[in-house]
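K.L.:
generate a structure from the sequence data that follows.
(chains A, B and C)
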Amino acid sequence: MKVILQGLTKKFPSRNKKSKEEVVAVSDFSFEIPDGKLIGLLGPSGCGKSTMLNLICGLEKPTSGRILFGDDDVTDLPPEVRGVGLVFQNYALYPHLTVLQNILFPLQNLKGDKKMTKAEMLEKAEEVAKLVQISELMERKPSEMSGGQQQRVAIARALVKMPKILLLDEPLSNLDARLRLQTREELRRIQRETGITTVFVTHDQEEAMSISDMIVVMKKGVLNQLGKPQEVYDDPVNLFVAKFLGTPPINVFRGEVRGERLFIGGEDVLAVPGVGDRPVYAGIRPEGFILNDNGAFTCRLTAVEVMGRDTSVVSTHPSCEGVNIRSIISAENLVDASKEEVRFDLKPNKVFIFDTDTEERIRFGVNGRMGEDA
Amino acid sequence: MDRNDYEKIEKAAARRKRATRTVTYILLTVWALMVLFPFYWMVLSSIKSYSSYNSEYIPKFIAEYPTLQNYVDAFTTVPLGRYFTNTIVFTLVTTAVMLVVTVLAAFAFARLEFRGKNVVFAIFLSLMMIPNELVIITNFQTITKLGMRNTFAGLILPSVTSVFYIYLLKENFEQIPEELYKAAKVDGTSDLKYLLKVMIPICRPTLITVTILKVIECWNSYVWPRLITDDQAYFLVSNGIQEIRENGFGRENIPAMMAAVVVISVPLIVLFLIFRKKIMAGVSRGGTKG
Amino acid sequence: MKKSNFKAWLYLLPAVLFLGFFMVYPLADVLVYSFEEGYNSASQTFMGVGTYNYRYVLHDPYFLQAVKNTFILVIITVPVSTGLALLISLGLNSIKKLKELYQTVYFLPYVTNTLAVGLVFMILFKKTAYTDGMVNLLINLFGGKSVDFIDGPYWAKMFVLCFYTVWVVLPFKILILTSALASVKQDYYNAAKIDGTSKWRMFTRITLPMISPMLFYLIITGFIGAFKAYSDAVALFGTNLNAAKMNTIVGYVYDMLYGDSGGYPSYASAAALILFAIVFTITVVNLMISKKQVHY
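P.N.:
Okay, here's the model as predicted:
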């Protein structure tokens, strides 16, 4: 089932009683989630992701805007009739019930023609337990299971009603690193097998990029960018999105465009056709550096970290916004760590420039439609 | 200092430690005896016959000819059985109704959103400071006017709410993660079903604490029953024992009186010995006396 | 929004009704009663409004006796019981063997019926034609003379009342202080030991400050509880406390309300409000002192 959000806005009364100001958690949010896709809703903590999720599942009512599931407007419907499944960060399993009882709980609430017999419920529960591979844990209590197992139970409980939409709130962040990798593959598999349209919220960009069909990057309640993970990474619309995606993160410099050339710290480092003279932020992805003794861009070398496949060159530059510049180059290039300076050439498609006030992207010849900023 | 000096110091320290511990144990035992002695004395006196009790100018510490006659007297000469059943009915009904009332209110405060919630809760909290002595006067008048003297309704109704227990339960309910409530909402669970199926089972330890405390309070309550009942048919054990003391067995029959005291004390002591840990934990969380 | 409002109030309804009827309304009513002069229970009429009830109560020798008794009881039992409880708790915390047994025994008075066990105390202290009673025999053993603690001189009766009160209130205090003492982290003591701190200094500089919040809690609740003393006195001396000169303020309130001398809710209300004023003042003073003293 596809989900359409139209101009969705949610305001909360301010916690601080003195100021009457309202807190805008979600602001004029519009997008369409195609049927059967896995969508990663991505943003730093406090950006309104969880509110978004609560709006979609109906735990909160939007201040304005509409929510459509397929062709049905569900904006005013309570959660239980929307047909959504929700998995919480801390799993929210009922601690006094066994795994089986936890999974059965949603089914026991069904009323009217959806009502099931005991046998039907058990069959359903077995089926979904098999899907998430917890069939042998059915009699345990949540406290007797590992985090990963609890996570599966939570997913099973959300899936057992055969929801039209599955919503996951930071589903992996309570797991340790190894389990997280494994579980995200697992999530991907379950989503593929069931074909349920799934939205999952995370602040971990790597997690979002690795399994999502599409990612939505949010900042302070506003949709910043929406697209396939690689597209968003390769073509961020603003400095925030560029900074938010990628590990190690993008390196940001203060620079200036003069005569369609980008200058950083007085050095002419790259041609930027079609951009007028102005101060800019220049973002350079770690993989955008090419080691070259005669390169145009000079940095002060701090350290060289060889990590098998890649070499990470750590350096500094007075114009850099961050403390260090991290560049990743192939390990075949030997770097003399005793040198004080290191020089690079830049890959034009890995360099993005942004307006210093609005932080919006300024596109230039190579990596964008020319002159869009004008 | 050579090795011998060290040994001497060590030995002296050990001796001092042993002495301190011995004194501690002696003092603790003395107080334990002080606590236990009245209990021992009441059991002892209750199995002495009327004549042997009164013939001992210097009371003996054992009963030479133990008898259960006093227990028979306690149940036949005075309506002790009646007092007993009254107290059981009073305790069970009061506790049950109180649990329903306080759980519902605590749930509303802990989970539901409504206008004026904070104000109402603040009023509830401020009621916690009102001593019972202040409101008991009007309640006495009210119950009298309503013609509910010497009825169970009159005995029970004024003590079925406790602001303190509402507060205790609310705090406990709020510790249940909000996600559980949200999860239940998404599954279409009604508030009442959530309360019954999720909150109450999870908060069972606190509910047991509250129940135990209320049972103790009911079993020992004296003042209100005394004001509201003058018909022996509605006396609770506390009033009963006072009645026995004052008009009792026709004569100063102390062994029979002690038998009644034993009978009244035993249920709570048994309850205590069974739920010792729970009761002590519960009292330290929410009880006051004295 | 409206619907959820309505539902929430439905859950609250029983509690609100009961509290309104048996607490809020009586609170207003007791004030009214206390200022209605010459209120007649039977005809429910009164003659005027004023402070006559208060003046009557404050001049009533029975009330003054009750106030005196209550104050003596408070001044003796609160420090004695708190100090004794602290001593016993320190002892309990320093031992390992039999600790639970002692704790269980010490807690027993909490779960007993005050009225019932009071009778046992009465026969232990009472001097009758048949026997001088256990306590007097003990006194004789040490060469003292028998005293009738129940029907005898004032100081003897007061002693029994205080003794029984302490016996009754100790379990709660021991329980609270034992857990407070146990929650003081061993690290502090270890650190102090390394510095060569003496035991007494450890007690005054570490233990006392650390348990001071609980200690003050006990003192405050102890004051409130002792001011409300009543059933202990009834258990020892019977319901006619005025005759025994052993009445307490609460006892006076109830006697004014009901019983042989009863039927005067106005006097009872005035006395109850005076009691409330006393307790309130002392609690506020206590809280002010504890704010200065409690270390965190």
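
K.L.:
what's the helix or strand for residue A:354?
P.N.:
strand A:351-355 (DSSP states H and E).

K.L.:
what does whichever helix or strand comes after that strand rub up against?
P.N.:
Reading on from strand A:351-355 to the C-terminus, the next helix or strand found by DSSP H and E is strand A:361-362. Contacts of strand A:361-362 with the rest of the structure, by C-beta atoms under 8 Å, 6 or more residues apart in numbering or on different chains, involve A:236-239, A:242, A:275, A:280, A:352-355, A:368, A:373. For every residue, glycine as well, the C-beta is placed using N, CA and C.

K.L.:
so residue C:197 sits against residue C:207, correct?
P.N.:
No - at 11.4 Å, residue C:197 does not count as touching residue C:207 under the criterion of C-beta atoms under 8 Å.

K.L.:
okay, the two: which has more neighbours?
P.N.:
It is residue C:207, of residue C:197 and residue C:207, that has more neighbours when counted by other C-beta atoms under 10 Å in any protein chain shown, with 19 against 15.

K.L.:
give the contact list for the nearest residue to that one once chain neighbours are set aside.
P.N.:
In this structure, residue C:207 finds its nearest non-sequential neighbour in residue C:184, 6.3 Å apart by C-beta to C-beta, 6 or more residues apart in numbering or on different chains. Residues near residue C:184 by C-beta under 8 Å, 6+ apart: C:206-207, C:210-211.

K.L.:
quick one, phi/psi of residue C:184?
P.N.:
phi -70, psi 130 (degrees, to the nearest 10).

K.L.:
and it, what pLDDT?
P.N.:
Looking at residue C:184, its pLDDT is 86.

K.L.:
can you check residue C:69 too?
P.N.:
95.

K.L.:
OK, contacts around it?
P.N.:
In this structure, residue C:69 makes contact with C:158, C:161, C:233, C:245-248, judged by C-beta under 8 Å, 6+ apart.

K.L.:
gap between it and residue A:244?
P.N.:
76 Å (C-beta to C-beta, to the nearest Å).

K.L.:
again, but for residue A:304
P.N.:
Residue A:304 sits 27 Å away from residue A:244, taking C-beta to C-beta as the criterion.

K.L.:
between these two, tell me which one has more neighbours.
P.N.:
Shown here are residue A:304 and residue A:244; by other C-beta under 10 Å, residue A:244 has more neighbours (24 against 18).

K.L.:
what's the biggest helix in chain C, counting residues?
P.N.:
With DSSP state H applied, the helix covering the greatest number of residues in chain C is identified as helix C:61-94.

K.L.:
and the helix or strand that that one is followed by, what's buried?
P.N.:
Counting by DSSP H and E, the element after helix C:61-94 in chain order, helix or strand, is helix C:99-107. By 16 or more other C-beta atoms under 10 Å in any protein chain shown, the buried positions in helix C:99-107 come out as C:102-103, C:105-107.

K.L.:
flag the least confident of the contacts of residue C:184.
P.N.:
residue C:206 (85).

K.L.:
OK, contacts around that one?
P.N.:
Taking C-beta under 8 Å, 6+ apart as the definition of contact, the neighbours of residue C:206 are C:184, C:188-189, C:192.

K.L.:
may I see the ChimeraX selection of the buried members of these?
P.N.:
The following ChimeraX selection, which keeps only the buried ones among the contacts of residue C:206, applies the criterion 16+ other C-beta under 10 Å:
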select /C:192
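
K.L.:
max-length helix in chain B?
P.N.:
Longest helix of chain B, by residue count under DSSP H: helix B:3-46.

K.L.:
from the chain's centre, how far out does that one sit?
P.N.:
31 Å (C-alpha atoms, centre = their mean, to the nearest Å).

K.L.:
same check, this time on stretch B:109-123
P.N.:
Computed by C-alpha atoms, centre = their mean, the separation of stretch B:109-123 from the middle of its chain amounts to 30 Å.

K.L.:
gap between the two ends of that stretch?
P.N.:
Taking C-alpha to C-alpha, to the nearest Å as the measure, stretch B:109-123 stretches 12 Å from start to finish.

K.L.:
equivalent analysis for stretch C:146-157, please.
P.N.:
The first and last residues of stretch C:146-157 sit 13 Å apart, counting by C-alpha to C-alpha.

K.L.:
what residues does it touch?
P.N.:
With C-beta under 8 Å, 6+ apart as the contact definition, stretch C:146-157 has outside contacts at C:122, C:125-127, C:132-133, C:135-136, C:139-140, C:159-160, C:236-237, C:244-246.

K.L.:
buried subset of those residues, written for ChimeraX?
P.N.:
Selecting just the buried residues from the contacts of stretch C:146-157 in ChimeraX takes one command, with 16+ other C-beta under 10 Å as the test:
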select /C:122,125,126,127,132,133,135,136,139,160,236,237,244,246
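
K.L.:
and the contacts of residue C:206, which is closest to chain A?
P.N.:
The shortest approach to chain A among the contacts of residue C:206 belongs to residue C:184, at 30.3 Å (C-beta to the nearest C-beta).

K.L.:
ok, now which ones touch the residue of chain A found nearest chain C?
P.N.:
Of all residues in chain A, residue A:61 sits closest to chain C, at 9.1 Å by C-beta to the nearest C-beta. Neighbour list for residue A:61: A:55, A:75-76 [criterion: C-beta under 8 Å, 6+ apart].

K.L.:
next, the closest residue to residue A:65 other than its chain neighbours: phi, psi?
P.N.:
Once its chain neighbours are removed from consideration, residue A:65 has its nearest residue in residue A:8; the separation is 3.7 Å (C-beta to C-beta, 6+ apart). The phi/psi pair for residue A:8 (degrees, to the nearest 10) reads phi -70, psi 130.

K.L.:
how about the helices in the stretch 151-290 of chain B?
P.N.:
Applying DSSP state H, counting those that start in this stretch to the stretch 151-290 of chain B gives helices spanning B:152-156, B:163-174, B:178-186, B:191-194, B:200-202, B:204-220, B:223-228, B:237-247, B:254-274, B:276-286.

K.L.:
mind putting those helices into a markdown table with mean pLDDT, distance to residue C:255 and mean neighbour count?
P.N.:
Converted to a markdown table, the helices of the stretch 151-290 of chain B look like this (pLDDT from 0 to 100; distance: least, C-beta to C-beta, whole Å; neighbours: other C-beta atoms under 10 Å in any protein chain shown):
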| stretch | mean pLDDT | distance to residue C:255 | mean neighbour count |
| --- | --- | --- | --- |
| helix B:152-156 | 93 | 20 | 19 |
| helix B:163-174 | 91 | 28 | 20 |
| helix B:178-186 | 89 | 51 | 21 |
| helix B:191-194 | 91 | 47 | 17 |
| helix B:200-202 | 93 | 43 | 17 |
| helix B:204-220 | 89 | 21 | 20 |
| helix B:223-228 | 90 | 11 | 21 |
| helix B:237-247 | 87 | 14 | 22 |
| helix B:254-274 | 90 | 24 | 21 |
| helix B:276-286 | 83 | 31 | 17 |
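
K.L.:
for residue A:328, name its beta-bridge partners.
P.N.:
For residue A:328, the residues forming beta bridges with it (DSSP bridges) are residue A:312.

K.L.:
what residues does the stretch 101-250 of chain A have near chain B?
P.N.:
Counting by C-beta under 8 Å from any C-beta of the partner chain, the stretch 101-250 of chain A comes close to chain B at A:105-106, A:109-111, A:157, A:161.

K.L.:
check contacts around residue A:341.
P.N.:
Applying C-beta under 8 Å, 6+ apart as the definition, the contact partners of residue A:341 turn out to be A:298-301.

K.L.:
oh, that last question was meant for residue A:124, not what I typed.
P.N.:
Residue A:124 makes contact with A:107, A:116, A:160 under the criterion C-beta under 8 Å, 6+ apart.

K.L.:
quick one: strands adjacent to the helix or strand of chain C with the lowest mean pLDDT?
P.N.:
Considering only helices and strands, the least confidently modelled element of chain C by mean pLDDT, DSSP states H and E is strand C:48-49, at a mean of 74. Sheet neighbours of strand C:48-49, with direction, are listed as strand C:36-37 (antiparallel) (DSSP bridges).
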